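Asks: this one's sequence-less:
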């Protein structure tokens, strides 16, 4: 197979003509791409700011006989790992879970903080001998109660 014998000058002139005709469209495409990138960055920052402003905090209170086994700790870690998925639509920076330990009057307290969209997952007890209390007036998140036969709870 042999390439046709075309003069190089003619090919360069054709390439120059095509690029000259396409240049305004390429510039417009670049400007549009930059505008979409700026819009996406601003939108993501707004979503993160909203998620961080509306976080839920729960307190985890263990009983006196609290002694978890390795399986319970792993299950609780997986449960906390699902918070990101429960907060669908929230960027990773805004859906992070924070474990905060403090000592008040000699008693250690554990708080779990996460996005409001994942409040149901945060309110689920991870261990058998642990009570979960909702903080800061978030009493509207309550346990689900199913009625038995005849409408009795």
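Replies: Alright, I've got the coordinates. For clarity, every value in this text was computed on a predicted model and none was experimentally measured. Residues are numbered from 1 along each chain as shown.
Asks: Can you tell me what sits against the lowest-mean-pLDDT helix or strand in the chain?
Replies: Within the chain, no helix or strand scores below strand 130-134, which has a mean of 80 by mean pLDDT, DSSP states H and E. With Cβ atoms under 8 Å, 6 or more residues apart in numbering as the test, strand 130-134 has contacts from 56, 58-63, 66, 122-125, 141. In short, each C-beta sits where N, CA and C put it, glycine included.
Asks: again with stretch 21-34
Replies: Counting contacts by Cβ under 8 Å, 6+ apart, no residue outside stretch 21-34 touches it.
Asks: What of stretch 64-75?
Replies: Contacts for stretch 64-75 (Cβ under 8 Å, 6+ apart): 76, 126, 127, 128, 129, 130.
Asks: Recalculate using a threshold of 7 Å.
Replies: With Cβ atoms under 7 Å, 6 or more residues apart in numbering as the test, stretch 64-75 has contacts from 126, 127, 129, 130.
Asks: residue boundaries of the strands in the chain?
Replies: Taking DSSP state E, the strands of the chain run over residues 55-62, 98-104, 107-115, 130-134.
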